[in-house]
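**Student:** make a model of this:
(2 chains)
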Amino acid sequence: MAKAIPSRSEDYSLWYNELVKKAGLAENSPVRGCMVIKPYGFAIWEKMQQALDQMFKDTGHENAYFPLFIPKSFLSKEADHVEGFAKECAVVTHYRLKNDENGKGVVVDPDAKLEEELIVRPTSETVIWDSYKNWIQSYRDLPLKINQWANVVRWELRTRLFLRTAEFLWQEGHTAHATKQEAVEETETMLNVYANFAENFMALPVVKGVKTASERFAGAVDTYCIEAMMQDKKALQAGTSHFLGQNFAKAFDVKYASKEGKDEFVWGTSWGVSTRLMGALIMAHSDDEGLVLPPKLAPIQVVIVPIYKTEEELNKITEVVNGISFELKEKGISVKFDNRDTHKPGWKFAEYELKGVPARIAIGPRDLENGTVEIARRDTKEKSTHKLEETAAYISELLEEMQTSIYAKAESFRKENTYEADSYDEFKELVEKGFVYAHWDGTDETEDKIKAETKATIRCIPFDRKKEEGKCIYTGKPSSGRVLFAKAY
RNA sequence: CGGGGUGUAGCACAGUCCGGUUAGUGUACCUGGUUUGGGACCAGGGGGUCGGAGGUUCGAAUCCUCUCACCCCGACCA
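**Tutor:** Residues are numbered from 1 along each chain as shown, chains lettered A, B, ... in the order given. So this is what the prediction gives:
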């Protein structure tokens, strides 16, 4: 049997790239740095969307949609914001093509130049705050809590499927509040929503914390984030939630009349997660046989593979399968019966492993005779035989067990590869091997130097860090707690 | 934008240094048969602007010039 994908331990990058392609998730598009998300990959994204969307609604948000194009002038209204995004914007300058006079196909019509160029949104703060100016007049209009599912474009110099593509899909929440406290609470709430989603649906343990000034979102007062460890021990930022203060309110003149009749600027937040989560899901759990999907996000949770010689046998198996399928579907479990005659059982086993289907039921003549089925779980590849009548109950338990066990595996992996460093020499050695908690003097300067010398960055200042007096590993200056360092994507 | 690498069938690649029949292998695809509890086997078959343009030559996938695209490493990256 030829290996479907290269070994993870030999070449992590290649393994990831090939896995994304071979499992039918996505491929490079003809447009530089963009990707085509294939049906199976999109089905996983849809499962993510569904769960997240429900969580947003449960926390009082509504969906809306804003334009893809942003007038160039909007972007420059917030000074830090334009600074942060200017270098990676796609710009629309013309609105018409024409046939080339020399017969060389179509060319841009120079007469169709736009008065003001349009930016393809790299994020929607500006265009949304421009609307909010009209939507908000009174404290009665607040809080305003909107989410949008959309695509955005950032012309990154170097791209990677799912992790950093020129165009990507995401959701972005944008809220406006009457008080600072309420906005800060919203920022925290949404970070917790993301952390819950990562841990309970993606089975991915995360570290919650706040970014240092140098990693902060352009235009934010504070950026909160969740950071996860991938199987190559590098960190991946899996979601961010920004407290915007009154920065965008001031830039777009969004004021409300308070109960006391005074004009006040509103307080803002924004938060988002993207198709990058797909990359996180793949890199966190998959093995050399393919994807390992946590049951809650698997488009197909159970696949049933018949093993038969004659049509008569297949008919008998189908009868049994219909019974099992019905029971499973009643429990809300998604089932696929792959009775295609064009592929052999062995081929199907390998294929569904590559696609990360959590549980597989095989039924053959042997089982028909004994009234049993064979059940294999994707994460450990263990196989076991069960009585027919116990199948649905067992599968239901198995899926729950797998969800927690995949999480537990990722968590213990992270634990095994997390260290504390108390000197710079120790730090340099340990940061090659995973996450490192170390003391830092709190300055940009020190952070930059450590990054330049080791390639490691401060992923976040964890919320749950313990109070501990110490000395900065680089300068020896006093510090009141450890921060999380790692090499990152 | 710098450094390195690769463009040959749907996919993965050999052939290029040292030019020479009709451009090859694996896999995938099609047909027929035997198979079916871990990516089956046998036989037959289809599929190529050798990334593109120009040049050298009797003759170019191979040599020369230009060009385009992609990948990896860096710079950049809410």
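
**Student:** just how off-centre is stretch A:126-142 within its chain?
**Tutor:** 29 Å (CA atoms, centre = their mean, to the nearest Å).

**Student:** just the buried positions in that stretch, please.
**Tutor:** Across stretch A:126-142, burial judged by 16 or more other CB atoms under 10 Å covers A:126-132, A:136, A:139, A:142. Bear in mind the C-beta positions are built from the backbone N, C-alpha and C, glycine included.

**Student:** try stretch A:452-472
**Tutor:** A:454, A:456-462, A:465, A:472.

**Student:** inside strands: which ones of the residues you listed?
**Tutor:** Secondary structure from DSSP state E places A:457-462 of the buried residues of stretch A:452-472 in strands.

**Student:** what does stretch A:377-392 rub up against?
**Tutor:** A:285, A:289, A:292-293, A:320, A:323-324, A:327-328, A:330-331, A:352-353, A:356-361, A:367, A:371-376, A:394, A:398, A:402, A:405-406, A:409 (CB atoms under 8 Å, 6 or more residues apart in numbering).

**Student:** circling back to that earlier point, just checking: which of the ones in strands among the buried residues of stretch A:452-472 also lie near RNA strand B?
**Tutor:** Taking CB under 7 Å from any atom of the strand as the test, RNA strand B is in contact with none of those.

**Student:** could you pull out the helices in chain A for me?
**Tutor:** A:12-22, A:39-58, A:72-75, A:79-85, A:125-135, A:180-196, A:247-251, A:276-285, A:311-330, A:345-354, A:365-370, A:391-416, A:424-430, A:444-454 (DSSP state H).

**Student:** CSV please, covering those and showing mean pLDDT and distance to A:Glu264.
**Tutor:** Shown next, in CSV, are the helices of chain A (pLDDT from 0 to 100; distance: least, CB to CB, whole Å):
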stretch, mean pLDDT, distance to A:Glu264
helix A:12-22, 86, 48
helix A:39-58, 97, 26
helix A:72-75, 92, 23
helix A:79-85, 89, 22
helix A:125-135, 97, 14
helix A:180-196, 98, 11
helix A:247-251, 97, 9
helix A:276-285, 95, 36
helix A:311-330, 96, 54
helix A:345-354, 95, 56
helix A:365-370, 95, 71
helix A:391-416, 98, 44
helix A:424-430, 93, 46
helix A:444-454, 91, 32
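
**Student:** columns distance to RNA strand B on top of the ones you listed, output as CSV?
**Tutor:** Compiled in CSV, these are given as follows (distance: least, CB to the nearest atom of the strand, whole Å):
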stretch, distance to RNA strand B
helix A:12-22, 5
helix A:39-58, 14
helix A:72-75, 13
helix A:79-85, 5
helix A:125-135, 9
helix A:180-196, 12
helix A:247-251, 12
helix A:276-285, 6
helix A:311-330, 9
helix A:345-354, 3
helix A:365-370, 3
helix A:391-416, 13
helix A:424-430, 16
helix A:444-454, 8
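
**Student:** winner for burial among these?
**Tutor:** helix A:276-285 (a mean of 25; mean count of other CB atoms under 10 Å).

**Student:** how far does it sit from the chain's center?
**Tutor:** That offset, for helix A:276-285, works out to 7 Å (CA atoms, centre = their mean).

**Student:** quick one, that helix and helix A:180-196 angle?
**Tutor:** On the basis of axes from the mean of the first three to the mean of the last three CA atoms, to 10 degrees, helix A:276-285 is oriented at 50 degrees to helix A:180-196.

**Student:** work out which residue lies at the spatial centre of chain A.
**Tutor:** A:Leu277 (1.7 Å; CA atoms, centre = their mean).

**Student:** go ahead and confirm that one touches A:Ala228.
**Tutor:** No: judged on CB atoms under 8 Å, A:Leu277 makes no contact with A:Ala228 at a distance of 9.6 Å.

**Student:** make JSON lines from the ones in strands among the buried residues of stretch A:452-472 and add pLDDT and distance to A:Gly84 to it.
**Tutor:** Formatted as JSON lines, those follow (pLDDT from 0 to 100; distance: CB to CB, whole Å):
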{"residue": "A:Thr457", "pLDDT": "94", "distance to A:Gly84": "17"}
{"residue": "A:Ile458", "pLDDT": "96", "distance to A:Gly84": "18"}
{"residue": "A:Arg459", "pLDDT": "95", "distance to A:Gly84": "19"}
{"residue": "A:Cys460", "pLDDT": "96", "distance to A:Gly84": "18"}
{"residue": "A:Ile461", "pLDDT": "96", "distance to A:Gly84": "20"}
{"residue": "A:Pro462", "pLDDT": "97", "distance to A:Gly84": "24"}
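
**Student:** what's the closest of those to A:Thr175?
**Tutor:** A:Cys460 (21.9 Å; CB to CB).

**Student:** beta partners for the closest one?
**Tutor:** Beta-bridge pairing of A:Cys460 under DSSP bridges involves A:Leu484.

**Student:** dump the residue contacts of A:Ser396.
**Tutor:** A:328, A:331, A:333.

**Student:** the second one - how many residues pack around it?
**Tutor:** In this case it means A:Lys331. 12 (other CB atoms under 10 Å).

**Student:** residue contacts, it?
**Tutor:** Here A:Lys331 is in contact with A:392, A:396 (CB under 8 Å, 6+ apart).

**Student:** how about the last one?
**Tutor:** With CB under 8 Å, 6+ apart as the criterion, the residues that contact A:Ile333 are A:301-302, A:395-396, A:399.

**Student:** one more pass at 10 Å, please.
**Tutor:** Neighbouring residues of A:Ile333 by CB atoms under 10 Å, 6 or more residues apart in numbering: A:295, A:300-302, A:325, A:327, A:358-359, A:392, A:395-396, A:399.

**Student:** same check, this time on the first one
**Tutor:** Taking CB under 10 Å, 6+ apart as the criterion, A:Leu328 is in contact with A:301-302, A:304, A:334-335, A:359, A:361, A:391-392, A:395-396, A:399.

**Student:** return the member of those nearest to A:Phe56.
**Tutor:** A:Ser334 (23.2 Å).

**Student:** next, count neighbours for that closest one.
**Tutor:** 15.

**Student:** which residue packs closest to A:Glu156, ignoring adjacent ones?
**Tutor:** Spatial nearest neighbour of A:Glu156, excluding adjacent residues (CB to CB, 6 or more residues apart in numbering): A:Arg164 at 5.4 Å.

**Student:** am I right that the one you found is in contact with A:Ala488?
**Tutor:** No: proximity of A:Arg164 to A:Ala488 does not meet the contact threshold set by CB atoms under 10 Å, at 11.6 Å.

**Student:** point me to the residue of the stretch 101-250 of chain A nearest RNA strand B.
**Tutor:** A:Phe217 (2.3 Å; CB to the nearest atom of the strand).

**Student:** and the gap between that residue and A:Lys145?
**Tutor:** 19 Å (CB to CB, to the nearest Å).

**Student:** hmm, back to that, what is the nearest of the contacts of A:Ser396 to A:Leu484?
**Tutor:** Of all those, A:Leu484 sits closest to A:Ile333, with 37.7 Å by CB to CB.
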